[in-house]
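Q: Got a predicted model here, sequence first, then my questions.
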Amino acid sequence: QVQLVESGGGLVQAGGSLRLSCAASGSIFSINAMGWYRQAPGKQRELVAVITSSGSTNYADSVKGRFTISRANAKNTRYLQMNSLKPEDTAVYYCNTKGRLSSSYNEFDSWGRGTQVTVSS
């Protein structure tokens, strides 16, 4: 009932920048929070950044000062601007959205399919 479409991943050299986008669509009444997670090979999925409906943000220590999460409320879209990328940022990045459905007001917790970010040294 809720679809997330991610875009913006790719290959970049260390020190470069990428911007990821996540667009949510479907039977959405409200979005409480939207975040980005990442999973590198052989590692657990970890939180990168999250932004709530009030605009509060939270970042992993490893990306503070380099990554910025923002939103375009009218389009249920969130962005992750990634600057000063490092090889250790290489991972599949997943968008996650939590909110309520318009049809039932039930809560939902949806994931995108992921987008690959590769940072070469």
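A: Structure received. Numbers count the residues shown, from 1 in each chain.
Q: Could I get the contacting residues of the residue positioned nearest the centre of the chain?
A: Centroid-nearest residue in the chain: W36, 2.7 Å away (criterion: Cα atoms, centre = their mean). By Cβ atoms under 8 Å, 6 or more residues apart in numbering, the residues touching W36 are 20, 22, 47-50, 69, 78, 80, 93-96. In short, each C-beta sits where N, CA and C put it, glycine included.
Q: and what of A91?
A: Residues in contact with A91 (Cβ under 8 Å, 6+ apart) are R38, Q39, A40, K43, V117.
Q: about what we covered before: which one (most neighbours) among the contacts of W36?
A: Neighbours here mean other Cβ atoms under 10 Å. Within the contacts of W36, the largest count is held by R78, at 28 neighbours.
Q: Beyond the one helix or strand it maps to, next helix or strand please.
A: Take DSSP states H and E as the rule and R78 turns out to sit in strand 77-82. Next helix or strand after strand 77-82 toward the C-terminus (DSSP H and E): strand 91-101.
Q: Show me which of the contacts of A91 is closest to V12.
A: Nearest to V12 among those: V117, at 7.7 Å, using Cβ to Cβ.
Q: Check the gap between the residue nearest to the centre of the chain and R45 for me.
A: From W36 across to R45, the span is 11 Å (Cβ to Cβ, to the nearest Å).
Q: Overlap in contacts, those two.
A: In terms of Cβ under 8 Å, 6+ apart, W36 and R45 are both contacted by the residues Y94.
Q: circling back: between all of the contacts of A91, which two are separated the most?
A: Across the contacts of A91 (Cβ to Cβ), the longest gap, 14.0 Å, separates K43 and V117.
Q: picking that back up, restricted to buried residues, select the contacts of A91 in PyMOL.
A: Burial among the contacts of A91 is assessed by 16 or more other Cβ atoms under 10 Å; the matching PyMOL selection reads:
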select buried, resi 38+117
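Q: Having no further points to raise, I will conclude here.
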